[in-house]
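K.L.:
Quick one, fold the following:
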Amino acid sequence: MTLPVSCNPRPVTSLMPLSLLLVLLLLCSVTVQAATNSEDDDWFLDEESTDHVNEGELHFLETAPDPAVLHSESRIRITPASLESGWVDLLQCYRNLDAVPKIEVVFDYREMRGLAVVAKRGVGKATVSGQSVQLEEVSKQASLCIEAQVRNLYRQADGSYLLRNGPYMRKFLDGYYPFRVTLEVSYPQELVRFVRISPQARPGFRVESEAGRIAFDAWFEGRLSTGIHFLPAA
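P.N.:
Numbering: from 1, shown residues only. Have a look, this model is predicted:
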């Protein structure tokens, strides 16, 4: 049995044959507001038991599960221009995809431009169309890396900045399954300084911070939304 899982909700029409309807939705870096419009989409990954499933409550995993679990790995670069426009540079990879004939990968950011595939492994063909990538001949534990610009940095009324990401989720029907998400953000330290991240660091949610860089590594079940706050350096 292959379980569909969902990283974020928005209905999509699959390119799969009717005998094997597969939809892979990958929304792992949008505003929370944009992500709460629907909750019914699925991905397909490896075989898993449905006996004990999380029903949506965020639960960090103090002990990492199988290292071959689906992994979203992203790098975001905030530039001086980003502080004015809200647009940031994104490099995002999905690793440990399941072996399926065809998958439609939909990047459902509220605002996105310049989507391009920069690397793939275990994928026969990858075609970009709008904010989606159609994959064919996907092997077990395949990977896909894209680059784009997304607009998810927001100037707040008090002059601070908020970088929103999520909600991240891996969903099958009403159940949520283990998911690993890593994110590294670089920013112009001469212009802004990191203040805090929500949620706060804890077992299963490791945070690293140094001048010009903030990163986290999360292992969890349920729905994870993050907010990274900056203040002007002055």
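
K.L.:
where does the chain have low pLDDT?
P.N.:
1-56 (pLDDT under 70).

K.L.:
where along it do the helices fall?
P.N.:
Using DSSP state H, the helices found in the chain span residues 32-35, 80-85.

K.L.:
Contact partners for the nearest residue to residue 69 once chain neighbours are set aside?
P.N.:
The shortest distance from residue 69 to any non-neighbouring residue, by CB to CB, 6 or more residues apart in numbering, is to residue 178 (5.1 Å). All C-beta spots, glycine's among them, are computed from the backbone N, C-alpha and C. Contacts for residue 178 (CB atoms under 8 Å, 6 or more residues apart in numbering) come out as 61, 65-66, 69, 170, 219-221.

K.L.:
need the longest strand for the protein.
P.N.:
Among the segments of the chain that qualify as a strand by DSSP state E, the longest is strand 132-151.

K.L.:
Show me what it is packed against.
P.N.:
For strand 132-151, the elements it packs on are strand 87-97, strand 100-106, strand 112-129, judged by 3 or more CB pairs under 8 Å, 6 or more residues apart in numbering; DSSP states H and E.

K.L.:
Strand 112-129 and the first one, what's the angle between them?
P.N.:
Going back to what we said before, that points to strand 87-97. With axes from the mean of the first three to the mean of the last three CA atoms, to 10 degrees defining the directions, strand 87-97 sits at 30 degrees from strand 112-129.

K.L.:
do the shortest one as well
P.N.:
Relative orientation of strand 100-106 versus strand 112-129 (the same axes, to 10 degrees): 160 degrees.
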